[in-house]
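Engineer: turn this into a structure:
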Amino acid sequence: AWVHLSGITPALSPGCDELADHILRQAKHHGYLTSFDVNYRPALWTVSQAAPRLLELGNQAHTVLVGLDEARALWGCDTAEDVAALITRPLNLVVKDAAHEAV
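Structural biologist: The predicted structure follows:
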């Protein structure tokens with residue numbers, strides 16, 4: 001009973017961006033757990049466009065997955081603790097640091 005979304009979806013078009021919100025709201029309304037992989041792709045949108053939107057979507061999910069490299073590019077985070085200070089609403093936050101670790 002999970003719904004998983006990627007940060008690529010809202011980057012594709014305004015309609016896809018609205019759909020991401022709708023899916024997260026409806027999934028929660030119907031009792032599904034939600035996960036969100038930030039999946040920032042600079043070829044699809046700029047940091048100034050992506051950073052606030054991906055943060056907002058992440059804070060709507062139960063579980064968030066984000067690479068430390070993405071968090072650094074988007075929000076200037078250097079550690080998993082920095083990310084946790086920004087993404088505060090999910091029950092679970094996974095910060096991946098390449099092959100080094102996942103926290």
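Engineer: what about dumping the CA coordinates of stretch 25-35 to CSV?
Structural biologist: Taking C-alpha atoms only, stretch 25-35 is exported to CSV below (Å, rounded to 0.1, in the frame of the first residue of the first chain):
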residue,chain,number,x,y,z
ARG,A,25,-2.7,14.3,-1.4
GLN,A,26,-5.0,11.5,-2.7
ALA,A,27,-2.6,8.8,-1.5
LYS,A,28,-2.6,10.1,2.0
HIS,A,29,-6.4,10.7,1.9
HIS,A,30,-6.9,7.0,1.0
GLY,A,31,-4.5,5.7,3.6
TYR,A,32,-1.5,4.9,1.4
LEU,A,33,2.0,5.5,2.6
THR,A,34,4.0,7.7,0.2
SER,A,35,7.6,7.8,-0.7
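Engineer: contacts for it next, please.
Structural biologist: Defining contact as Cβ atoms under 8 Å, 6 or more residues apart in numbering, one finds that stretch 25-35 is touched by 1, 2, 3, 4, 5, 24, 60, 61, 62, 63, 64, 65. Bear in mind the C-beta positions are built from the backbone N, C-alpha and C, glycine included.
Engineer: any of those buried? List them.
Structural biologist: 3, 5, 24, 60, 61, 62, 63, 64, 65 (16 or more other Cβ atoms under 10 Å).
Engineer: so the residue nearest to the second one when sequence neighbours are not counted bridges to which residues?
Structural biologist: Spelled out, it's residue 5. Leaving aside its sequence neighbours, residue 5 sits nearest to residue 36 (Cβ to Cβ, 6 or more residues apart in numbering; 5.2 Å). Beta-bridge pairing for residue 36 (DSSP bridges): residue 5, residue 64.
Engineer: what is the neighbour count of residue 36?
Structural biologist: 26 (other Cβ atoms under 10 Å).
Engineer: of the contacts of stretch 25-35, which one scores lowest on pLDDT?
Structural biologist: Across the set of these, residue 1 stands lowest in pLDDT, at 87.
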